[in-house]
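In: my questions concern the predicted model and sequence given below.
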Amino acid sequence: METLHFPEFLRAYNVLYKETNAIYHQLAGYFGLSDTAFWLLYSLRETDRPLNQAELCSILCASKQTVNSALKSLEGEGLIRLESAPGDRRSKEVHLTEAGTARAAASVDRVLEIEEQAALRLSPEERLAILALERRHLEALRQEAERLLSEHKED
């Protein structure tokens, strides 16, 4: 087996990550959506329930301002409506309108279908291996980031 030195690994990993993002960017554009609007609709379809802005920020790893801007745009297009959350009038839940459901079905659902088809090209063992390795890598990265961030707190 060929040895892959860290700089080569990092470049290859980053290229794969960026190429994946570029595919989703192209798909969002194909459906006439900004990246954030696409991911908001995607999150609403994937969870199949209303989400509040804080949940969307967390799911998308996006700022409140970015999410709010996309929500206002989607609301202006009549694709979503914001309703007060039960028990918390300050929190707004995001609901797809009839038009939003149709738009998501014509865009997000098609992307979910191609994601499924792409995943089915891998064996069940390969899919599990990808998830296991990504989890291990994420946990290692999280630990290293926390170590670095804790250095700043000690100063």
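Out: Structure received.
In: ok, which stretches of the chain are strands?
Out: Assignment of strands within the chain using DSSP state E yields the ranges 51-52, 80-85, 88-96.
In: and this structure, what are its domains?
Out: In terms of domains, the chain is parsed into 36-121, 123-155 (source: automatic domain parsing).
In: in the last one, which residues are buried?
Out: Neighbour counts over domain 123-155 (16 or more other CB atoms under 10 Å) mark no residue as buried. For the C-beta atoms, the positions are set from N, CA and C on the backbone; glycine is no exception.
In: can you pull the contacts of Ile80?
Out: Ile80 is in contact with 40, 44, 71, 74, 94-97, 100, counting by CB atoms under 8 Å, 6 or more residues apart in numbering.
In: against Glu19, how distant is Ala12?
Out: Ala12 sits 11 Å away from Glu19, going by CB to CB, to the nearest Å.
In: dump the strands of the chain into JSON lines; add mean pLDDT and distance to Tyr30 as well.
Out: What follows is those, written out as JSON lines (pLDDT from 0 to 100; distance: least, CB to CB, whole Å):
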{"stretch": "strand 51-52", "mean pLDDT": "94", "distance to Tyr30": "24"}
{"stretch": "strand 80-85", "mean pLDDT": "92", "distance to Tyr30": "20"}
{"stretch": "strand 88-96", "mean pLDDT": "88", "distance to Tyr30": "20"}
